[in-house]
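J.: show me the folded form of this:
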Amino acid sequence: MNPQELGRAEDIERILIDEKVIEKRLDAMAEQIDREFPSGPIVALILLKGALVFAADLLRRLPRPLDIECLKVASYHGGTESSGVVTFLDHALPDVQGRHVLLLDDILDTGRTLQAVTQRLLSEGCAAVHTAVLLAKDRTREAEIDADYVGFVIGDEFVVGYGLDYKGRYRNLPFVGVLKSDIATPH
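T.: Numbers count the residues shown, from 1 in each chain. Predicted coordinates:
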């Protein structure tokens, strides 16, 4: 794949959160999760693709046995704003019956994705869902949900990097940044 298809740092208007700051915050989040999560192995459910980088770095910091699962869902469908519809791209969920799950997502925006996945996990017999996000937008949510563990609270702007993308690009950037306005267009 050619580098322009992945996205370039030159396309970034400004870096919002740099790599070193992210690393320090993940250390603190891992300590908090380890301290507060029920004892025993952690069932980690990663929402793909956006949460992959965040989850990999966070989960390596947890000093416990992990059962790692992935689930593909979508709500942005290629634009810069949530479509309002959460689509489960995987039809079957991992076995969560009677288990506490740590649900990992990249960003809490409208709240629809975390709410839809949480409700689905509970309907499958999950004992409890604990949510962790790298970013939470400081905005009124359309779904009444807050994350249990939040890396950073940011303004209501479209961001990329560290797993977050725009049209499939920029996930590989080691920081969270804001795209130049001439690159990112709504919908």
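J.: note down every partner strand of the helix or strand His130 falls within and its orientation.
T.: Element membership of His130, judged by DSSP states H and E, is strand 128-137. Strand 128-137 pairs in its sheet with strand 100-108 (parallel), strand 149-154 (parallel), by DSSP bridges.
J.: who are the neighbours in contact with the residue nearest to the spatial centre of the chain?
T.: Residue closest to the mean C-alpha point of the chain, counted by Cα atoms, centre = their mean, is Asp106 at 1.6 Å. Asp106 sits next to Leu47, Gly50, Ala51, Phe54, Val133, Leu134, Leu135, Tyr162, Gly163, Leu164 when contact means Cβ atoms under 8 Å, 6 or more residues apart in numbering. Using the backbone N, CA and C atoms, a C-beta is placed for each residue, glycine as well.
J.: if we go to 10 Å?
T.: 46-55, 113, 133-135, 151, 159, 162-165, 171, 176 (Cβ atoms under 10 Å, 6 or more residues apart in numbering).
J.: PyMOL command for the buried members of these?
T.: Only the buried entries of the contacts of Asp106 go into this PyMOL selection, using 16 or more other Cβ atoms under 10 Å:
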select buried, resi 46+47+48+49+50+51+52+53+54+55+113+133+134+135+151+159+162+163+164+165+171+176
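J.: and the strands in the protein, which stretches?
T.: Using DSSP state E, the strands assigned to the chain run over residues 12-17, 42-48, 66-74, 87-88, 100-108, 128-137, 149-154, 159-160, 176-179.
J.: so how far is the fourth one from its chain's centroid?
T.: Average the C-alpha atoms of strand 87-88, do the same for its chain, and the two points are 15 Å apart (Cα atoms, centre = their mean, to the nearest Å).
J.: cool, the second one as well?
T.: When C-alpha coordinates are averaged (Cα atoms, centre = their mean), strand 42-48 and its chain have centres 10 Å apart.
J.: who are the packing partners of that strand?
T.: Identification of packing neighbours for strand 42-48 by 3 or more Cβ pairs under 10 Å, 6 or more residues apart in numbering; DSSP states H and E yields helix 19-36, helix 52-59, strand 66-74, strand 100-108, helix 112-123, strand 128-137.
J.: give me the neighbour count for Tyr170.
T.: Using other Cβ atoms under 10 Å, Tyr170 has 25 neighbouring residues.
J.: done for today, thanks.
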